[in-house]
Every structure is written in C-alpha cells, then in structure tokens.
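> Turn this into a structure:
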Amino acid sequence: MKEFKKGDTVICSDYGIGYIVKVSKNSKYPTGVEFQSDNSIVYYTLDGRSVIDGDITLQHDNHVFQGSGL
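Numbers count the residues shown, from 1 in each chain. Predicted coordinates for the structure are as follows:
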C-alpha cells in the first residue's frame, strides 16, 4: 500500500474527495484529510481507517482540485 503524504488527493467511501493536510507519526489517527464537500477535517489511521478496527475507507485518488494551490 502506498503511504499517504501531505498534498495527496484521496477519496473516502463515507466523505467523498479530499486531500491530505497532515501526516504525523505520533498518533493513532495521524492522517488528516480535508474534504471538498464541506471543508471538514477527518483523521485516519496510517492505512486509511476512520475507526481502528473498522474497514479501510480512505484511498488515493487522481482528482485535481481547481484553485486549491496544490
């Protein structure tokens, strides 16, 4: 599995399209994603789970944001 890094475009089956705004190594949920639909930020495990024992819902995507500066 490809690691998430800041600036990556991703898609979540629960929230839609977003991009990685933060990746830390010191947390259970180190991957912060800002979603295009409502600008909310949701945190995930390093492998893309929003709940530790849940399904992987976050994956890389090739979407290009208009005017995002990325």
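
> Count the residues that sit near residue 42.
Close neighbours of residue 42, defined as other C-beta atoms under 10 Å, add up to 17. Any C-beta I mention is one placed from the backbone N, CA and C, and that applies to glycine too.

> Regarding it, what is its secondary structure?
Per DSSP: H, G, I helix; E, B strand; the rest coil, the local secondary structure of residue 42 is strand.

> Which residues does it form beta bridges with?
For residue 42, the beta-bridge assignment (DSSP bridges) gives partners residue 33.

> ok, it to residue 25 distance?
Using C-beta to C-beta, to the nearest Å, one gets 19 Å for the distance from residue 42 to residue 25.

> Name the spans of the chain whose pLDDT lies under the cut-off.
Scanning the chain for pLDDT under 70 picks out 65-70.

> mind listing the strands for it?
In the chain, the segments counted as strands under DSSP state E are 9-12, 16-23, 31-35, 41-44, 58-60.

> who's in contact with the spatially most central residue of the chain?
Nearest to the mean C-alpha position of the chain, by C-alpha atoms, centre = their mean, lies residue 33 at 3.8 Å. Contacts here follow C-beta atoms under 8 Å, 6 or more residues apart in numbering; on that basis residue 33 touches 10, 12, 15, 18-21, 41-44, 58.
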